[in-house]
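my questions are about this predicted structure, shown below with the sequence.
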Amino acid sequence: MLPASARKVWGLKRIALLGSTGSIGTQTLDVVGRHPEKFKIVGLAAGGRGALLPAQIRQFHPAKVSLATAEAVQALKAQGDFGYRPAFLKGPEGLLELATDPEVDLVIVATSGQHGFAPTLAALAAGKEVALANKEVLIMAGELVTEAARRSGTQLRPIDSEHSAIWQSLRGETFSGDRPPLPNGEENWSEANPKVQRLILTASGGPFRTFTREQMAGVTVEQAMKHPNWNMGPKITIDSATLFNKGLEVIEAHWLFGLDYAKIDVVVHAESIVHSMVEFVDGSIKAQLGTPDMRLPIQYAIGYPERLASDYPRLDWTKLRELHFELPDTERFPALRLAYEAGQKGATYPTVLAAADEEAVTFFHERRISYLGIPALVEHVLERHNAITHPSLEDIAEVDKWARAAAAEEAGRMSLSLK
């Protein structure tokens, strides 16, 4: 039986966190721990990751804990007494059970890759609020996910700092009350909400913002993992260095806010103080500013519609002398161009883009391909793809599998050329 502190308390927002040991997961738990009067962790899902999960269980007393395999569950149980007996779940079924649990109000999807598809769709179908940090869910299955949200009238909340900034800038302009930041069922959101001229996503430019192509040719894994502003996981850190991350965010913004790609721009902003902007038809621009701290958009997403107090670091305007903005160079950073092209083509091209990029980043970490080989590999895989329009979840899974195999083939060719 759960201790009294872990039992359901009316008035608390009850949360299932999928991906609790990753970067977003651990920062989410930091936010939750600072507001025990607002949030209660009901379920945790993770792959394991050393001592993190047992410590999370002991601190937050979730009723249910899900891991990838039965072996992982047994290994976790062997790590000692947690002071109570949580229900242990495993595999995709465990994620689905957490996502649809009647005791859950909000599902935070911070898993990576396809693991987030089914639980996101299930949570939306069950009428749960969903806070989304899994890029692949919208990149690969944006049409399915936004349609599921529309059908259920359920809110889909962005956790990315850029999309959170847009959401906050739109609040009071195009949305009223608790209306979610999604297309409202109309075929073209921008026609139904004509106040918006364009969305402007900001990009830090990463550690190689001023590098020439010749300098990039010698970039090492260690160099690429040193992001100048943000503390993030290994995949997103490399994606930020190549600007693939920003390209993926453009596709996400298209699905979240329903605007055509021609109305979604990217500007490089090295300081990462302005997190994104919205330009309206009268020429006014609204922006959300803050320190580069992912806990801020996480807190906004899970606390919405409240804006909760925090003691996170504040901007010191007396020390903030200059803010710089410049257009991205798609010759030096072709990943951004590839993402726009894949998004505009639609169908299963974004699926291939995301899957091939994930594999390419892995190959770069393994030193099988060069830094410049990441976008080159992805482009080769995209060129080989025969697209499927209006794909089902099964289609997406098959295309994802194909893209990863094709990426491995391309990496093999690149490895041979490097010898």
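Structure received.

mind giving me the domain split of this structure?
Domain assignment for the chain, taken from automatic domain parsing, gives 9-154, 161-290+302-328, 346-419.

comparing these by mean pLDDT, which bottoms out?
Set side by side, the domains of the chain show their lowest mean pLDDT on domain 161-290+302-328, which sits at a mean of 85.

before we move on, back to that, between the domains of the chain, which one is closest to residue 336.
Ranking those by proximity to residue 336 (Cβ to Cβ) places domain 161-290+302-328 first, at 4.6 Å. Quick note: C-beta positions are derived from backbone N, CA and C, even for glycine.

was I right to think residue 114 contacts residue 136?
Yes. Taking Cβ atoms under 8 Å as the definition, residue 114 is a contact partner of residue 136 at 6.6 Å.

restrict stretch 45-63 to CA atoms and write it as CSV.
Provided in CSV are the C-alpha atoms of stretch 45-63 (Å, rounded to 0.1, in the frame of the first residue of the first chain):
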residue,chain,number,x,y,z
ALA,A,45,8.8,5.3,-17.0
ALA,A,46,12.5,5.0,-17.8
GLY,A,47,15.1,2.7,-19.4
GLY,A,48,17.0,2.5,-16.1
ARG,A,49,20.1,4.7,-16.2
GLY,A,50,22.1,3.8,-13.1
ALA,A,51,21.0,5.2,-9.7
LEU,A,52,18.7,7.8,-11.0
LEU,A,53,15.5,5.8,-11.2
PRO,A,54,15.7,4.3,-7.7
ALA,A,55,16.4,7.7,-6.2
GLN,A,56,13.4,9.2,-8.2
ILE,A,57,11.1,6.4,-6.8
ARG,A,58,12.2,7.0,-3.3
GLN,A,59,11.6,10.8,-3.6
PHE,A,60,8.4,10.9,-5.5
HIS,A,61,6.6,7.6,-4.6
PRO,A,62,4.9,6.9,-7.9
ALA,A,63,2.2,4.3,-7.8
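
reformat the domains of the chain into CSV and put distance to residue 337 next to each item.
Below are these laid out as CSV (distance: least, Cβ to Cβ, whole Å):
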stretch, distance to residue 337
domain 9-154, 16
domain 161-290+302-328, 8
domain 346-419, 9
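
which one of these lies nearest to residue 334?
Nearest to residue 334, of the domains of the chain and by Cβ to Cβ, is domain 346-419 at 4.7 Å.

ok, the most centrally placed residue in the chain - contacts?
By Cα atoms, centre = their mean, the chain has its centre lying nearest to residue 133, at 3.2 Å. Residue 133 sits next to 19, 24, 108-110, 159-160, 298 when contact means Cβ atoms under 8 Å, 6 or more residues apart in numbering.

hmm, 10 Å instead?
18-19, 22-25, 27-28, 108-112, 116, 157-160, 294, 297-298, 301 (Cβ atoms under 10 Å, 6 or more residues apart in numbering).

in a helix, residue 54, correct?
Yes. Assessed with DSSP: H, G, I helix; E, B strand; the rest coil, residue 54 lies in a helix.

that one: how many residues sit nearby?
16 (other Cβ atoms under 10 Å).

cool, and residue 320?
Count around residue 320 with other Cβ under 10 Å applied: 11.

for the stretch 101-250 of the chain, what spans make up the strands?
Counting by DSSP state E, counting those that start in this stretch, the segments of the stretch 101-250 of the chain that form strands are 106-109, 129-132, 156-158, 196-203.

counting contacts, what elements does the longest one pack onto?
When contacts are defined as 3 or more Cβ pairs under 10 Å, 6 or more residues apart in numbering; DSSP states H and E, strand 196-203 packs onto helix 161-170, helix 189-192, helix 244-257, strand 264-268, strand 274-280, strand 285-289.

would you mind getting the angle between it and strand 274-280?
170 degrees (axes from the mean of the first three to the mean of the last three Cα atoms, to 10 degrees).

just the CA trace of strand 196-203, in PDB.
What follows is strand 196-203, C-alpha atoms only, in PDB (Å, rounded to 0.1, in the frame of the first residue of the first chain):
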ATOM      1  CA  VAL A 196      -0.200  36.300 -37.300                       C
ATOM      2  CA  GLN A 197       2.200  37.200 -40.100                       C
ATOM      3  CA  ARG A 198       5.000  34.800 -39.300                       C
ATOM      4  CA  LEU A 199       6.700  32.800 -36.500                       C
ATOM      5  CA  ILE A 200      10.400  33.400 -35.900                       C
ATOM      6  CA  LEU A 201      12.300  30.600 -34.200                       C
ATOM      7  CA  THR A 202      15.700  31.600 -32.800                       C
ATOM      8  CA  ALA A 203      18.800  29.400 -32.900                       C
END
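
partners of it in the sheet?
strand 264-268 (parallel), strand 274-280 (antiparallel) (DSSP bridges).

for residue 16, give the beta-bridge partners.
Beta-bridge partners of residue 16, as defined by DSSP bridges: residue 43, residue 107.

could you check how far it is from residue 102?
11 Å (Cβ to Cβ, to the nearest Å).

over to residue 52?
28 Å.

who has more neighbours out of those two?
Taking other Cβ under 10 Å, residue 52 and residue 102 do not tie; residue 52 has more neighbours (16 against 8).

spell out the secondary structure type for the residue nearest to the more buried one when sequence neighbours are not counted.
Using Cβ to Cβ, 6 or more residues apart in numbering and skipping residues adjacent in sequence, the residue nearest residue 52 is residue 21, 4.4 Å away. Put simply, residue 21 is coil when judged by three-state DSSP.

any idea how far residue 206 is from residue 21?
25 Å.

ok, those two, which is more surrounded?
Taking other Cβ under 10 Å, residue 21 and residue 206 do not tie; residue 206 has more neighbours (25 against 21).
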